[in-house]
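In: Attaching a predicted model along with its sequence, questions to come.
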Amino acid sequence: MKLTTVVIQRYRSIVRQATLELSENTTTILGPNNEGKSNLLKAIVLAMNCLSAVRSPVLTRQKDKETNKYRLRQGVYDWNSDFPISLQDREPMGKTRITLTFELNDDECTQFKKETGSKTNRQLPIVMEVDDATVLFKVSKSGRGASNYSKSAPQIARFISSRFGFQYIPAIRPAELSLDLVNNLIDSELSKLETDPKYMDAMSVISSLQQPILHRIEIDVKQSLNQLLPSVKDVKINFDVRGGTYRSRLRNRTARFIVDDGVPTDIESKGDGIKSLAAIALMRSVNLNLARRDSLVAIEEPESHLHPEAVRQLSYILEEIAKEHQVIVTSHSPLLVTRSNAGINIIVNGSKVKIADGIKDIRESLGVNVSDNMVSAEYVLLVEGVTDKRVFSRLFSDQSVDLHSALKEGRLVLTPMKGATKVLYHISLLRSMATVPIVLVDDDVQGRTCYQDASANGGVSQKYLFKLSRKGMKVSEIEDFVKVDLYKVFVQEHYGVSLPPSFGTRLNGKWSERLKRLFEEKGKVWDQEVEDTIKTHIAGIVEESGWDAIYEFAQEVLSEIAIAIASLVSKGVQSKGAVL
C-alpha cells in the first residue's frame, strides 16, 4: 500500500488547497522559512492521527447521529490555532479537510473486498473532516457503490490504518523524543508477547522472553548509530517496571537510553547534535525493524544541528529507508535534494506548492548560486583532464540524441577534475549545488583509486561511476582508444620520434607509459608539457573526426558508457501546482 496523493484544505496557512503528489520512495519539500513547509508535514501528521482514532483502544467513539465521527485525543487538533485564523470569524463552524489517496496492490484489493464487501480499482481515497475534538470520515468515491463506501468509511479507515504505518520526526529532537522512539520500539515488539501462552501462564518467564528482543533492538540501534557516530561502542536500554497488572506492566515503563561513546552516558546528558543523530538513527531502527508493513516516514528538517558530513551520512540512511518505506522530508539542504529526478521534489514558495520544474527551480528555492555555465546543469560528468572533456563532448554528443540535447541545453556539463585525487572535493561541491555527479576515469591505479573513493567515501552509486577499460589491457586511458595513424605524423614532425606499427597493438602499459618509454629509448625528453601537447593534438583529432578516430574494437566500450550515461540524464519532469 502506498500513499500517492495528499490534499489539504483549511489548515493553518493553507487557506484554500494544497495538493501533494508523493513519490513511492522519497519526496522532498523545499523552500524558504515561513512559507508553509512545516504545515504541509503537520497536516499529514494530523491525518495519520485521525486514522489511528478508529483503532486505538484509548479513544472512544461518539454516540451521536454521525456514526462516522470519532473523538480525537486531546492536543491532536486545536481549532483556534489549526483552522486558518483569517477564516475563523467568517466560518465559526469551519473544518479542516484532508484527503489521503492510497494505492492498493492485488492482495490488498482482495482483502479489502473480504473485509468491507466493496470492490476497489486500487485507488482508495479517504476524507477526514476535523473540528476541535472529532474527526468525521468519508470516502471520496463517485458512481455505483458510493453510498456503501460512505457507510463503511470507518471500516475503510480501519483497514488502511491497520496496514499502513507512520513515523514522524519533528525538527526539534530533544532527549524526550529519543526516549519516545525507544519506548515505541520496545512497546510494539513486546506487545507480541501478550498472546504468548507462556507469558499469560507464568510471569516468571517474562524476563527470558523479553531479553532476546531487547538485545536485538540494542544491536540494531547501535548499528544505526554507528553510521552517524562511529565512536559509539555500545548501546543499552534499561527500564524499570512500575506497578500494575501483568498486562499494563508491558506498557508502564520508562526507558533509559544509554550511549557508550567512551563513557556510558544517558542520552539526556548528551548535546543537541548527539541527540539529533540518535533520534535519526532510532527512526531508522524503528522503521526497518519494527514497521514490517507499508509505512510513511515524515521528517522535518533532519539536517538541523548536524555537521555537513553527518548530513551526507544521513542522506544515505534516508535512501536506505526509502527502499522499503515512503519518506517525506522538509529541508533547506541541497544534500537532501532528490537530484536524480528533480520532479519528485516539491517547492513551497510565495503561498504556492508545485513540483520542481528542474534543477534551476530547486536551486532558486534553496538560494544556491552557481556559475553561469552551471545554471541549468542537473548532472555533471567529472573527467580527469581538459582533453578528456573535449573528447567525450564530441563522442557522446554524436552517440546519443539525449546526450546531445542534454549537453546543448546545459543539463549535462563535463567538468575536468584536473587530477583523479580531487574527486571527493568535486563531489562535495556539486552536491552543495544540488547537482548529480557522474564520474568517468581512466582504468589505471589513480583512476581505480578515484573510483573507489567516489563510491566508498563520496557515496556515489555504482551506476554513476565508469572506467575506461580497453579489452586485453591491464591499464588504459582514453588515448588507447584512438587510432595511432591519425597522430603519428604529428609526433614524428614535432619530436622526431617514430611510432612503430606495433605501438597501438603491443599493450604493455597504458598509452602514456608506452609513449614515455619510447621517448626515453630515443633519448628524448618526456615531461608533463610534452604529454599535454600530444594529448591536446589527439583531442583535436577526435573533435574533428568523431567516432572515425576510434578503433572499431574499442567503440563498443565507449558506446556502452555513452548509452548508460544517456539513460541517467534523460528523465523528464512534469510540473504541477496548487495555491496555499
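Out: Right, received. Where do you want to start?
In: so where do the helices sit in the stretch 1-150 of the chain?
Out: Under the criterion DSSP state H, counting those that start in this stretch, helices of the stretch 1-150 of the chain are mapped to 37-52, 79-82, 85-88, 106-116, 146-151.
In: Quick one: closest of those to residue 2.
Out: Closest to residue 2 of these, according to Cβ to Cβ: helix 106-116, at 10.2 Å. Glycine gets a C-beta too; all of them are placed from N, C-alpha and C.
In: Buried ones in the closest one, by neighbour count?
Out: By 16 or more other Cβ atoms under 10 Å, the buried positions in helix 106-116 come out as 108, 112, 116.
In: Can you tell me which of those is nearest residue 48?
Out: Of all the buried residues of helix 106-116, residue 48 sits closest to residue 108, with 18.1 Å by Cβ to Cβ.
In: Let me see the contact set for the closest residue to the closest one other than its chain neighbours.
Out: In space, not counting the residues next to it along the chain, residue 108 is nearest to residue 1; the distance is 5.7 Å by Cβ to Cβ, 6 or more residues apart in numbering. Taking Cβ atoms under 8 Å, 6 or more residues apart in numbering, we find residue 1 in contact with 102, 103, 104, 105, 108, 160, 163, 164, 294.
In: Read off the pLDDT value for the last one.
Out: Translated: residue 294. Looking at residue 294, its pLDDT reads 80.
In: ditto for the third one
Out: What the model reports as pLDDT for residue 104 is 93.
In: Can you name the residues that contact it?
Out: By Cβ under 8 Å, 6+ apart, the contact set of residue 104 is 1, 112, 120, 122, 123, 124.
In: How about it: what's its closest non-neighbour residue?
Out: Of all residues not flanking residue 104 in the chain, residue 122 sits nearest, at 5.1 Å (Cβ to Cβ, 6+ apart).
In: coming back round to it: just the buried residues from the contacts of residue 1, in ChimeraX please.
Out: The buried residues among the contacts of residue 1 can be selected in ChimeraX (16+ other Cβ under 10 Å) with this line:
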select :102,104,108,160,163,164,294
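In: now the contacts of residue 1 in JSON lines, with distance to residue 223?
Out: Formatted as JSON lines, the contacts of residue 1 follow (distance: Cβ to Cβ, whole Å):
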{"residue": "102", "distance to residue 223": "32"}
{"residue": "103", "distance to residue 223": "32"}
{"residue": "104", "distance to residue 223": "33"}
{"residue": "105", "distance to residue 223": "30"}
{"residue": "108", "distance to residue 223": "31"}
{"residue": "160", "distance to residue 223": "31"}
{"residue": "163", "distance to residue 223": "28"}
{"residue": "164", "distance to residue 223": "26"}
{"residue": "294", "distance to residue 223": "23"}
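In: What is the most widely separated pair among the contacts of residue 1?
Out: The most widely separated members of those are 105 and 160, with 13.4 Å between them, by Cβ to Cβ.
In: I'd like to know how many residues surround residue 367.
Out: Look at residue 367: counted by other Cβ atoms under 10 Å, it has 9 neighbours.
In: Distance check, it against residue 355.
Out: According to Cβ to Cβ, to the nearest Å, residue 367 and residue 355 sit 19 Å apart.
In: And residue 215, by the same measure?
Out: From residue 215 across to residue 355, the span is 45 Å (Cβ to Cβ).
In: okay, those two: which has more neighbours?
Out: Shown here are residue 215 and residue 355; by other Cβ under 10 Å, residue 355 has more neighbours (21 against 12).
In: and the more buried one, backbone torsions?
Out: Dihedral pair for residue 355: phi -80, psi 140, per degrees, to the nearest 10.
In: Pairing partners for it in the sheet, please.
Out: Under the criterion DSSP bridges, residue 355 forms beta bridges with residue 346.
In: Would you confirm that it contacts residue 346?
Out: Yes. Under the criterion of Cβ atoms under 8 Å, residue 355 makes contact with residue 346 at 6.1 Å.
In: can you tell me the average pLDDT over the longest strand that the chain contains?
Out: With secondary structure taken from DSSP state E, the chain has its longest strand at strand 2-11. Computed over strand 2-11, the mean pLDDT rounds to 94.
In: Who are the packing partners of it?
Out: Strand 2-11 is packed against strand 14-21, helix 37-52, strand 96-103, with contacts defined by 3 or more Cβ pairs under 8 Å, 6 or more residues apart in numbering; DSSP states H and E.
In: Mind putting the ones you listed into TSV with distance to residue 557?
Out: As requested, the helices and strands packed on strand 2-11 are exported to TSV (distance: least, Cβ to Cβ, whole Å):
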stretch	distance to residue 557
strand 14-21	40
helix 37-52	46
strand 96-103	41
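In: Of these, which is nearest residue 260?
Out: Taking Cβ to Cβ, helix 37-52 is the member of the helices and strands packed on strand 2-11 nearest to residue 260, at 32.9 Å.
In: mean confidence for that closest one?
Out: For helix 37-52, mean pLDDT is 91.
In: could I get that helix in PDB with only the CA atoms?
Out: The C-alpha trace of helix 37-52 is given here as PDB (Å, rounded to 0.1, in the frame of the first residue of the first chain):
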ATOM      1  CA  LYS A  37       6.700  23.600   4.600                       C
ATOM      2  CA  SER A  38       6.100  22.500   8.200                       C
ATOM      3  CA  ASN A  39       2.400  23.000   7.900                       C
ATOM      4  CA  LEU A  40       2.200  20.600   5.000                       C
ATOM      5  CA  LEU A  41       4.100  17.900   7.000                       C
ATOM      6  CA  LYS A  42       2.000  18.600  10.200                       C
ATOM      7  CA  ALA A  43      -1.200  18.200   8.200                       C
ATOM      8  CA  ILE A  44      -0.100  14.700   7.200                       C
ATOM      9  CA  VAL A  45       0.700  14.000  10.800                       C
ATOM     10  CA  LEU A  46      -2.800  15.200  11.700                       C
ATOM     11  CA  ALA A  47      -4.300  12.900   9.100                       C
ATOM     12  CA  MET A  48      -2.400   9.900  10.400                       C
ATOM     13  CA  ASN A  49      -3.500  10.700  14.000                       C
ATOM     14  CA  CYS A  50      -7.100  10.800  12.700                       C
ATOM     15  CA  LEU A  51      -6.700   7.300  11.100                       C
ATOM     16  CA  SER A  52      -5.500   5.900  14.400                       C
END
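In: Can you check what angle separates that helix from strand 96-103?
Out: 70 degrees (axes from the mean of the first three to the mean of the last three Cα atoms, to 10 degrees).
In: oh, and call the first residue 15 from now on, that's how I've got it
Out: Sure, I'll start numbering at 15, so the last one becomes helix 51-66.
In: and helix 51-66, which residues are buried?
Out: Within helix 51-66, the residues that qualify as buried are 51-58, 60-66, counting by 16+ other Cβ under 10 Å.
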